[in-house]
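> Predicted structure and sequence below. I'll ask about it afterward.
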Amino acid sequence: MKRPIPVAVRLSRAASRGVTLIEVLIVVAILSLIAAGVTVAVLPKFKQAQVDAATTNAREIRNAVNRWRATHGGSECPTISQLVQDKEIDSASKTNDPWEQPYKIQCQDDETVVSSPGPDKKENTADDIVIPNKGKP
């Protein structure tokens, strides 16, 4: 006659078996759903943060150009590297936009325009960042 196995022994054997493949797949599926939800929620915020950073950097560059022009007579238009060299912009500052495209500086008589091609990296499109942004909200 077979002797019954005590409850404590059965529980210890069950605990030592580990997890099954189904349990692992369920955990992976739950983690995938969480990751997808985070991605959907965070990605638009990240894109807007890039646009905001490019706008702020363009404003800082424009201010540096205006200071440089006031110091150097106002007729020339400096390059980014010239602004860094003359210490109008800190050498640790970002001199490219968040999409790694260089900012474009245009100097007219009394106006300085700094622009970035924006997320699509193409100039003269709707997503361009232009400071000052005349006519745009």
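Great, that's in hand.

> Show me the helices in this protein, by range?
Taking DSSP state H as the test, the helices found in the chain are 7-16, 21-71, 80-85.

> hey, which of those is tucked in deepest?
helix 80-85 (a mean of 16; mean count of other C-beta atoms under 10 Å). Just so you know, the C-beta spots here come from the backbone N, C-alpha and C atoms, and that holds for glycine as well.

> got the contact list for that one?
61, 64-65, 68, 89-91, 93, 95, 102-103, 105 (C-beta atoms under 8 Å, 6 or more residues apart in numbering).

> Please identify which of the residues you listed is nearest to residue 115.
residue 103 (7.0 Å; C-beta to C-beta).

> and the closest one, how many neighbours does it have?
By other C-beta atoms under 10 Å, the residues close to residue 103 number 21.

> so who does it touch?
By C-beta under 8 Å, 6+ apart, the residues touching residue 103 are 57-58, 61, 80, 95-97, 114-116.

> now with 7 Å?
58, 61, 80, 97, 114-116 (C-beta atoms under 7 Å, 6 or more residues apart in numbering).

> circling back: okay, the helices of the chain in TSV with distance to residue 132 and mean pLDDT next?
Converted to TSV, those look like this (distance: least, C-beta to C-beta, whole Å; pLDDT from 0 to 100):
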stretch	distance to residue 132	mean pLDDT
helix 7-16	69	70
helix 21-71	8	92
helix 80-85	18	90
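
> Ok, which of those helices comes nearest residue 134?
Here helix 21-71 is closest among these (C-beta to C-beta), at 13.1 Å.

> And that closest one, what does it pack against?
With contacts defined as 3 or more C-beta pairs under 7 Å, 6 or more residues apart in numbering; DSSP states H and E, helix 21-71 has these neighbours: helix 80-85, strand 104-107, strand 112-116, strand 129-131.

> In the chain, which residue is most central in space?
Centroid-nearest residue in the chain: residue 50, 4.4 Å away (criterion: C-alpha atoms, centre = their mean).

> could you check the distance from that residue over to residue 116?
10 Å (C-beta to C-beta, to the nearest Å).
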